[in-house]
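> Next one to model:
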Amino acid sequence: MAPRETDNSPTEADQPAAAQREWERLWEEGDDDGSASAGPESGRPTKPDAEPETEQSTEPAADERNKDEAEAEHADTSRTADTDTDPENRDTAADDSPPPSTPAPTTADEPGTPHSRAPRAEDRAPSTEAPAPPTATRPDDERIAAVRRVAAAGRRWRTVQLVGCAALLAVAMTAGAIAIGAAKDRGATGAAVGSSAVSPELLASGSLDASIAALQAHLRTQPKDFDGWATLGLAYVEQARTKGDPSRYPQAQAAFQRSLKISPANENALEGRAALAAARHEFKEALAYADQVLKENPYSERALCSRIDALVELGRYADASKAADLADARKPGVPVFTRYAYVHELRGDVTTARKVLEQALAAATSPGDISYVAGTLGQLAWNQGDYKTALNDYGRALAADENYLPALEGRARTQAALGDRAAAIKGMELVVSRYPLPQPLVELGELYESRGAEGDRAKADDQYALVDAWIALARANGVNADLDTALAAADHGDVTSALKAARAEWARRHTVHTADALAWALHVNGRDKEALPYARRATATNYHNASFIYHLGMIELATGHTADGRAHLAKALKLNPGFSPLGATKARKALEDTK
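Numbering: from 1, shown residues only. This next block holds a predicted model:
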């Protein structure tokens, strides 16, 4: 984490709650113009007269400043309600534009992963308390203890236990965030920003945690800096994405609200609101915010990218393709190219997708961009069953950033497909210890199940219990997690809940992923005739996804379409023989049983 201003500051474990409340008052109890009252000398907010004195509040002012800055990152802002009315959902027309040209090398903001690539909700326990500050406690010990307690809860799972289990997950996630932060922050500096207009590019200049600490220190002295608040909100969204910690989303929302209160309709805050809405799976709102920005600035890279993401996630693939063409014409670069590639992949054009991603990789200069694009190339190769290329691409990503978790996850998944289960389990255990999101948790659980050693069933149940806990945590922080619920519960949970969640998600958006989730949820509930049209819709775009094809094949067998079912099961196994530790085995057995 970012270094303190003085070497003799109290340790984070000893900091009192009074300092945290001081930062909360700066955030939540500002003047009508959005700023907080500041003391005449310290640049910090003066305490309200009504605030009761405590033992902690009588400590020297210098010590309080140190405590404020150490606690600032963890201040709880979830009580700040977002009362702004969402902008009207306007769908601006996108012009047809030529395919992406070869980019000149440039430094781009690290792009966000399109949510449909790995539907997690990202989606990623009901609590209004702030995340615990980093301490000297070993994170591995906390995670191990948390998982053991979750295992016990998982085996007697009921609604009442969910809250407690989710709280345990929050402990594990906090420990994982500390571990990642420590790895990324080596050598980072945390100098406060001196400018009154903090550029969002600060986020790409080094450690994210150090940048957040610098922004917080800056905003304590310059609380009217609306760009600073917007940038802090963007940093929280990125931190939630990269560390799988949805508790950052309410903090991001409060920061954007503060920025807009000071300067209504400022571009950075609206861009941030679009990114936050997408992260919470509020894609109609994300599209509306992006359109609002583009109306004022047609060349906003963040808004152009958010618009593509929102259209993809709403299932409006033709519009998304036009939006990608338009974005490439206006603002070519790594963020746009990766989205352009994904739009083509969804429509079955893998050749163009890989070509564009290779162009993006050639343009990438920062380690973050290189690891992201190379990891995306690895995922594309894995989807096609090209495991050798996938391992090479993941290796390129990890060469740029050895801690890049999507690449670590992809490498473990590829190792499992190649039959190296021991390496796959070891790698996936590392991923979930740092990044406890539904997809890697389910994958690890299935790896345990497929190994079938003594105690593996209980280990698998632990992972599935953590998925439920993550979903509770995500929902408590404003994330729509119905797709994650449907995907996980259909195979490893309450099938009735899976169907309810899948129907709710389908009511919001019609994507290939929601069609597949609804089809499979109907299937596991024995409603195969209803499932078949959705399964066919999920594969209608020619998206090369072996899981979708496998689901279609199994549903066709269940509805008496034996020839079609066998053909699709064989196609899934030919495309990606190791698409799932359990699904691939079931597909082979179904083919054998229907000879």
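> Now for residue 559, how many residues are close by?
The local packing of residue 559 (other C-beta atoms under 10 Å) involves 16 other residues. No exception for glycine: its C-beta is placed from N, CA and C like everyone else's.
> tell me the contacts of it?
528, 529, 532 (C-beta atoms under 8 Å, 6 or more residues apart in numbering).
> can you map out the helices along the stretch 451-595 of the chain?
Shown for the stretch 451-595 of the chain, the helices assigned by DSSP state H, counting those that start in this stretch span residues 456-476, 482-492, 495-508, 512-524, 528-538, 546-558, 562-575, 583-593.
> Packing partners of the longest one?
Using 3 or more C-beta pairs under 8 Å, 6 or more residues apart in numbering; DSSP states H and E, the elements in contact with helix 456-476 are helix 139-155, helix 159-184, helix 438-451, helix 482-492.
> What residues sit buried inside that helix?
Judged by neighbour count using 16 or more other C-beta atoms under 10 Å, the buried positions of helix 456-476 are 456, 459-476.
> next one: stretch 210-222
Of the residues in stretch 210-222, those scored as buried under the neighbour-count criterion (16+ other C-beta under 10 Å) are 210, 211, 212, 213, 214, 215, 216, 217, 218, 219, 220, 222.
> Just these: which are in strands?
Assignment to strands by DSSP state E places none of those there.
> Tabulate those residues (CSV), appending pLDDT.
What follows is the buried residues of stretch 210-222, written out as CSV (pLDDT from 0 to 100):
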residue, pLDDT
210, 86
211, 87
212, 89
213, 90
214, 90
215, 91
216, 92
217, 92
218, 93
219, 94
220, 93
222, 93
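> can I get these in TSV with distance to residue 480?
Listed next are the buried residues of stretch 210-222 as TSV, based on distance: C-beta to C-beta, whole Å:
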residue	distance to residue 480
210	31
211	28
212	25
213	30
214	32
215	28
216	29
217	34
218	33
219	30
220	34
222	35
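> Going by distance to residue 338, which of those wins?
If you rank the buried residues of stretch 210-222 by distance to residue 338 using C-beta to C-beta, residue 211 comes first, at 22.3 Å.
> okay but the closest one is in contact with residue 236, surely?
No. Between residue 211 and residue 236 no contact is recorded; they are 11.0 Å apart, counting by C-beta atoms under 8 Å.
> helices or strands next to the one helix or strand residue 413 maps to in the packing?
Residue 413 is located in helix 405-417, with elements delineated by DSSP states H and E. Using 3+ C-beta pairs under 8 Å, 6+ apart, the elements in contact with helix 405-417 are helix 367-383, helix 387-400, helix 421-434, helix 438-451.
> Rebuild those helices as a markdown table, extending it with mean pLDDT and mean neighbour count.
Written out in a markdown table, the entries for the helices and strands packed on helix 405-417 read as follows (pLDDT from 0 to 100; neighbours: other C-beta atoms under 10 Å):
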| stretch | mean pLDDT | mean neighbour count |
| --- | --- | --- |
| helix 367-383 | 95 | 24 |
| helix 387-400 | 97 | 19 |
| helix 421-434 | 95 | 20 |
| helix 438-451 | 95 | 24 |
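> can you put those in a markdown table and add distance to residue 249?
Shown next, in a markdown table, are the helices and strands packed on helix 405-417 (distance: least, C-beta to C-beta, whole Å):
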| stretch | distance to residue 249 |
| --- | --- |
| helix 367-383 | 21 |
| helix 387-400 | 26 |
| helix 421-434 | 19 |
| helix 438-451 | 16 |
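> Residue 512 is nearest to which of those?
helix 367-383 (13.0 Å).
> returning to that earlier point: which among the helices of the stretch 451-595 of the chain is found nearest to residue 259?
Closest to residue 259 of the helices of the stretch 451-595 of the chain, according to C-beta to C-beta: helix 456-476, at 24.0 Å.
> quick one, the closest one and helix 421-434 angle?
30 degrees (axes from the mean of the first three to the mean of the last three C-alpha atoms, to 10 degrees).
> show me where pLDDT drops low in the stretch 251-400 of the chain?
Low-confidence segments of the stretch 251-400 of the chain (pLDDT under 70): none present.
> what about the helices in it?
Listed in chain order, the helices of the stretch 251-400 of the chain (DSSP H, counting those that start in this stretch) span 267-279, 283-296, 301-313, 317-330, 334-346, 350-363, 367-383, 387-400.
> possible to save these as a markdown table with distance to residue 431?
Rendered in a markdown table, the data for those read as follows (distance: least, C-beta to C-beta, whole Å):
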| stretch | distance to residue 431 |
| --- | --- |
| helix 267-279 | 20 |
| helix 283-296 | 27 |
| helix 301-313 | 24 |
| helix 317-330 | 29 |
| helix 334-346 | 21 |
| helix 350-363 | 22 |
| helix 367-383 | 13 |
| helix 387-400 | 12 |
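> Of all those, which one comes closest to residue 549?
For the helices of the stretch 251-400 of the chain, the distance to residue 549 is smallest for helix 367-383, at 11.3 Å, taking C-beta to C-beta.
> now for that closest one, which elements pack on it?
In this structure, helix 367-383 makes packing contacts with helix 334-346, helix 350-363, helix 387-400, helix 405-417, judged by 3+ C-beta pairs under 8 Å, 6+ apart.
> got the CA positions of it in CSV?
Taking only C-alpha atoms (Å, rounded to 0.1, in the frame of the first residue of the first chain), the coordinates of helix 367-383 have been written out as CSV:
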residue,chain,number,x,y,z
PRO,A,367,2.3,-3.9,-18.9
GLY,A,368,-1.4,-3.6,-18.1
ASP,A,369,-2.4,-3.3,-21.8
ILE,A,370,-0.1,-6.1,-22.9
SER,A,371,-1.3,-8.5,-20.2
TYR,A,372,-4.9,-7.7,-20.9
VAL,A,373,-4.7,-8.1,-24.7
ALA,A,374,-2.5,-11.2,-24.5
GLY,A,375,-4.8,-12.8,-22.0
THR,A,376,-7.8,-12.1,-24.3
LEU,A,377,-6.0,-13.8,-27.1
GLY,A,378,-5.4,-16.8,-24.8
GLN,A,379,-9.1,-16.9,-24.1
LEU,A,380,-10.0,-16.8,-27.8
ALA,A,381,-7.6,-19.6,-28.5
TRP,A,382,-8.9,-21.7,-25.7
ASN,A,383,-12.5,-21.3,-26.9
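> can you pull the pLDDT of residue 141?
Taken from the predicted model, the pLDDT recorded for residue 141 is 48.
> ditto for residue 125
For residue 125, the pLDDT comes out at 33.
> same check, this time on residue 15
On the pLDDT scale, residue 15 is placed at 43.
> Residue numbering should commence at 10 henceforth.
With the count now opening at 10, the last piece we talked about shows up as residue 24.
> From residue 339, how far off is residue 313?
Separation of residue 313 from residue 339 (C-beta to C-beta, to the nearest Å) stands at 6 Å.
> Please disregard the earlier target; I meant residue 386.
To residue 339, residue 386 is 25 Å away according to C-beta to C-beta.
> swap in residue 445?
38 Å.
> Check residue 449 too.
As it turns out, when the distance is counted by C-beta to C-beta, residue 449 lies 35 Å from residue 339.
> can you check residue 404 too?
From residue 404 over to residue 339 (counting by C-beta to C-beta), the distance is 34 Å.
> and if you look at residue 406?
Residue 406 sits 28 Å away from residue 339 when distances are taken as C-beta to C-beta.
> Then residue 489?
The separation that residue 489 has from residue 339, given C-beta to C-beta, amounts to 30 Å.
> neighbour count winner among these two?
Relative neighbour count places residue 489 above the other of residue 489 and residue 339, with 20 against 16, counting by other C-beta under 10 Å.
> Number of residues surrounding the spatially closest residue to the more buried one that is not a sequence neighbour?
Spatial nearest neighbour of residue 489, chain neighbours left out: residue 290 (3.9 Å); criterion: C-beta to C-beta, 6 or more residues apart in numbering. When counting by other C-beta under 10 Å, one arrives at 25 neighbours for residue 290.
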